[in-house]
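*Asks:* Provide a 3D model corresponding to the input given below.
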Amino acid sequence: HGPAPYGPGRPPIRGASYGPGRPPFRGASKAMWNEVMAETPRMWAQRDYSYEGEHFGLPPNHDILPEPLYGTHPPSWVACGSPATFTTAGSMGIGAIAFNFEPAPALEGRIDSCKEAIAECSEPHGSYMNDNVMMTNAVICLDGRDRAREIALTPVRGYLYSMVCLYHDAIAEPEGAPTGPEPPTGLPEEATLDFAIDAGYMLCGTPEEVCGSWRSRMWPWAPTGWCSACPTRASPTRRSSR
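*Replies:* Just a heads-up that it's a prediction; the model follows:
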C-alpha cells in the first residue's frame with residue numbers, strides 16, 4: 001500500500017510548556033519545527049545519523065526508525081492552524097492539511113496561497129513535492145433525512161468548536177463564541193441549519209442530498225482534496241458517502 005504519510009505539526013494549545021514551572025514554548029515551537037523538518041530527510045537516508053543543533057541533538061551512529069524501506073520517503077504534510085502555514089507548506093513543497101469552521105468559499109485564498117508558494121518552490125523538503133491540500137468539513141449522512149437533521153441540531157455537536165475556541169491560539173475566536181467549559185451551543189433551528197448547509201459550513205441529509213451539496217458547494221473549492229467527517233457519536237444507520 002505504500003508508505004504512510006508523514007505530517008508533523010506544532011502545538012497550538014494556549015499556554016503549553018515543557019512542564020510545571022516552565023515558560024510556554026509557543027513562541028519557540030516554530031524554530032523547533034523548522035529545525036526538525038530540515039533534518040528529517042537526513043534521518044530517513046542515513047543509517048549512522050548524528051546531529052547537534054539549537055533545539056535537539058544526537059550523538060553519532062543512530063539509526064532513526066521508522067525509516068523508508070523501498071527507496072523513497074513518504075509524502076510530507078503539515079497541519080495548518082493559521083493561514084500563514086498554508087504558505088509555509090507550499091514554500092517547502094509539502095502538503096497542507098487542516099480542519100474547517102468556515103464556509104467553503106472562505107478557504108479559497110488559503111488554497112491559492114499554498115499553490116502559489118509551491119509553484120515557486122525550488123528546494124522542497126525531501127526528494128519530491130507533495131502538491132496537495134486536504135481540508136476537513138463536517139458531514140452527517142444517513143438514509144433518513146429527518147434523523148440526519150435531528151443529529152445536526154443536537155447541542156453537543158458544538159463541543160468540538162468550544163474546545164477549539166478555548167485552546168487553539170491560531171484560530172480567531174469570534175465574539176460571543178462558546179468557550180469551554182461553557183456549555184456548547186448547537187444550531188438553534190431548522191432555518192439556521194439550512195443556512196449552514198447552503199453556505200458550505202457542513203453537509204447534511206441523505207446520500208443523494210450530501211452528494212448534491214458536495215458537487216454544488218464544496219467541489220469548486222476543493223481542487224486537490226477534501227475530507228468530510230462526522231464529529232458525533234456513531235449511528236448504526238450511518239452510511240459514508242464518497
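
*Asks:* Quick one, grab the pLDDT at the residue positioned nearest the centre of the chain.
*Replies:* Centroid check for the chain by Cα atoms, centre = their mean gives residue 98 as the closest residue, at 2.2 Å. pLDDT, residue 98: 84.

*Asks:* tell me the SS of it?
*Replies:* For residue 98, the secondary-structure state derived from DSSP: H, G, I helix; E, B strand; the rest coil is strand.

*Asks:* so residue 154 touches residue 186, yeah?
*Replies:* Yes: Residue 154 is in contact with residue 186 according to Cβ atoms under 8 Å; the separation is 5.8 Å. In this view, the C-beta of every residue, glycine as well, is placed from N, C-alpha and C.

*Asks:* quick revisit: which residue sits closest to the residue nearest to the centre of the chain in space, ignoring its chain neighbours?
*Replies:* Nearest-residue entry for residue 98: residue 80, 4.1 Å, with adjacent residues in sequence omitted and distances by Cβ to Cβ, 6 or more residues apart in numbering.

*Asks:* Can you give me the domain boundaries for the protein?
*Replies:* Listed by automatic domain parsing, the domain ranges of the chain are 1-74, 137-221.

*Asks:* where's the residue nearest to the centre of the chain relative to residue 157, distance?
*Replies:* According to Cβ to Cβ, to the nearest Å, residue 98 and residue 157 sit 20 Å apart.

*Asks:* What about residue 191, how many residues nearby?
*Replies:* Using other Cβ atoms under 10 Å, residue 191 is surrounded by 9 other residues.

*Asks:* so how many other residues sit close to residue 49?
*Replies:* By other Cβ under 10 Å, 18 other residues sit near residue 49.

*Asks:* Mind naming the longest strand for the chain?
*Replies:* Assignment by DSSP state E gives strand 133-141 as the longest strand of the chain.

*Asks:* Rounded mean pLDDT for that one, please.
*Replies:* Mean pLDDT, computed over strand 133-141, is 86.

*Asks:* Following the chain past the longest helix seen in the chain, name the next helix or strand.
*Replies:* Counting residues, the longest helix in the chain under DSSP state H turns out to be helix 29-45. Where DSSP states H and E defines the elements, the next helix or strand beyond helix 29-45 is strand 49-52.

*Asks:* what's residue 110 sitting at in phi/psi?
*Replies:* Main-chain torsions, residue 110, degrees, to the nearest 10: phi -70, psi -40.

*Asks:* List the contacts of it.
*Replies:* Applying Cβ atoms under 8 Å, 6 or more residues apart in numbering, we find residue 110 in contact with 80, 83, 86, 96, 98.

*Asks:* hmm, 6 Å instead?
*Replies:* By Cβ atoms under 6 Å, 6 or more residues apart in numbering, residue 110 lies in contact with 83, 86.

*Asks:* State the distance from it to residue 104.
*Replies:* For residue 110, the distance to residue 104 equals 11 Å [Cβ to Cβ].

*Asks:* Equivalent analysis for residue 69, please.
*Replies:* Residue 69 sits 38 Å away from residue 104, going by Cβ to Cβ.

*Asks:* So those two - more neighbours on which side?
*Replies:* residue 104 (21 against 7).

*Asks:* So the more buried one sits against residue 199, correct?
*Replies:* No: the criterion here is Cβ atoms under 6 Å, and residue 104 misses it with residue 199 at 8.1 Å.

*Asks:* Can you name the next helix or strand after the helix or strand encompassing residue 194?
*Replies:* Element membership of residue 194, judged by DSSP H and E, is helix 190-199. Along the chain past helix 190-199, the next helix or strand (assigned with DSSP H and E) turns out to be strand 202-205.
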